[in-house]
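*Asks:* Need the 3D shape of this:
(one chain, ligands or ions: 1)
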Amino acid sequence: MSPAAGRGRARAAATAVLAALHTAGLAPRVLPATTRADAERQAAEAVAAGAAAVVAVGGDGAAHAGLQAVAGTGTPLAVVPAGTGNDLALALGAPGDPVAAARAAAEDLRAGAVRTLDAGRTGSRWWATVLCCGYDSAVTARANRLRWPRGPRRYDVAILAELARLRPREVTLVLDGVPRTLPVTLVAVGNTAWYGGGLRICPDADPTDGFLDVTVVGPVSRRELVRTRPRLTAGTHVDHPSVSVHRAARVELAGEGLVTYADGEPVAPLPATSVCVPGALCVVGTGR
Ligand SMILES: Nc1ncnc2c1ncn2[C@@H]1O[C@H](COP(=O)(O)OP(=O)(O)OP(=O)(O)O)[C@@H](O)[C@H]1O
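*Replies:* Okay, the predicted model is just below:
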């Protein structure tokens, strides 16, 4: 459970989530983690000790922590959405209500109904939703640094602050061995479609196809970026002439002074190579 997630929403939901798991006949153990590193280590120990599943209560950061422990092990992850950004839960079709999500996970566990999905891997880090670099990673980094305002407003402030610094960056992108060097505003590499709390950046990303979908936004003016942003909710930004979409199993990115974020968490500085690992993530409670 990520205590800070959703401005305390995860903490508030935790008791009811535990009760729902107990009622379903499970014996959940709460991991007393107060940092993401703690959460990852404790979840990995629980998996090694034979835990039936890892239940991540929080936002995409909590799911990202749980993912590090379960990826490639066959142990399922249950995503109980209680954060500001719940993009993995959205992509999986998990119930939006934390207690309903916990019940759905418990039912699947009892029925042995486990879904197998791809996961992204960059260096030693796993990710489940979208890896981004450029304007978006700068926004995420700034939002994570801000102590005020809390909740989604932090992103609004970060978006404005980074808009002021907007400029195209030269990036070398190698997709399944085919290189191209181009100026970009941002590159988003999607295992699933959504990031940033419901923005459908890689609209057709399918976590069962063995590929990553790559959305490249070329140079755009501040005005154009602001005008196009609402189209991200529906995913129709891909029709914009500055946007191109690609698909690859291996994505290499290089660029001066750029970092990548995935699932809202820092992953690696460039250069970085990301791969799609088919079947690395098992999930329960996601509505099939
Ligand atoms: N068990 C945990 N204990 C402490 N911190 C955690 C734990 N799990 C995740 N975190 C960290 O807490 C932060 C917030 O958690 P999370 O992303 O789950 O919620 P959120 O409300 O969506 O977050 P954000 O404030 O980034 O929008 C993340 O940066 C994450 O790394």
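*Asks:* burial of the nearest residue to Ser242 once chain neighbours are set aside, as a residue count?
*Replies:* Distances taken as Cβ to Cβ, 6 or more residues apart in numbering place Gly218 nearest to Ser242, at 4.3 Å, with adjacent residues excluded. All C-beta atoms are positioned from the backbone trio N, CA, C, and that covers glycine. By other Cβ atoms under 10 Å, 15 other residues sit near Gly218.
*Asks:* Spit out the contact partners of Gly218.
*Replies:* By Cβ atoms under 8 Å, 6 or more residues apart in numbering, Gly218 lies in contact with Pro168, Leu182, Pro183, Val184, Thr185, Ser242, Val243, Ser244.
*Asks:* Can you tell me which of the residues you listed comes closest to the ligand?
*Replies:* Thr185 (22.3 Å; Cβ to the nearest ligand atom).
*Asks:* got the residues of this protein near the ligand?
*Replies:* 1-6, 33-36, 39, 58-62, 65, 83-85, 264-265 (Cβ under 6 Å from any ligand atom).
*Asks:* Of the contacts of Gly218 - the most surrounded one?
*Replies:* For the contacts of Gly218, neighbours tallied by other Cβ under 10 Å; top is Val184, 24 neighbours.
*Asks:* what pairs with that residue across the strands?
*Replies:* Arg169 (DSSP bridges).
*Asks:* And the one 5 residues further on, by the same measure?
*Replies:* On the basis of DSSP bridges, Val189 is bridged to Leu131, Val214.
*Asks:* so how many other residues sit close to it?
*Replies:* 30.
*Asks:* Let me know the distance separating it from Val55.
*Replies:* In this view, Val189 and Val55 are 27 Å apart by Cβ to Cβ, to the nearest Å.
*Asks:* And Gly151, by the same measure?
*Replies:* For Gly151, the distance to Val55 - Cβ to Cβ - is 23 Å.
*Asks:* of those two, who's got more company?
*Replies:* Neighbours were counted for Gly151 and for Val55 using other Cβ under 10 Å; Val55 has more, 30 against 12.
*Asks:* Which residue, other than its chain neighbours, is closest to that one?
*Replies:* Val55's closest residue in space is Ala78 (Cβ to Cβ, 6+ apart), at 4.4 Å.
*Asks:* Hmm, Arg115 and that neighbour touching each other?
*Replies:* No. With contact defined as Cβ atoms under 8 Å, Ala78 and Arg115 do not form a contacting pair (11.1 Å).
*Asks:* Mind listing the shared neighbours of those two?
*Replies:* Val283, Val284.
*Asks:* Compare the two (neighbour count), which wins?
*Replies:* Ala78 (28 against 18).
*Asks:* Verify the assumption that the more buried one is located in a strand.
*Replies:* Yes. Ala78: assigned to a strand according to DSSP: H, G, I helix; E, B strand; the rest coil.
*Asks:* mind listing what the residue nearest to Val55 touches?
*Replies:* Counted by Cβ under 8 Å, 6+ apart, Ala78 has contacts Ala53, Val54, Val55, Ala56, Ala101, Ala102, Ala105, Asp108, Leu109, Val283, Val284, Gly285.
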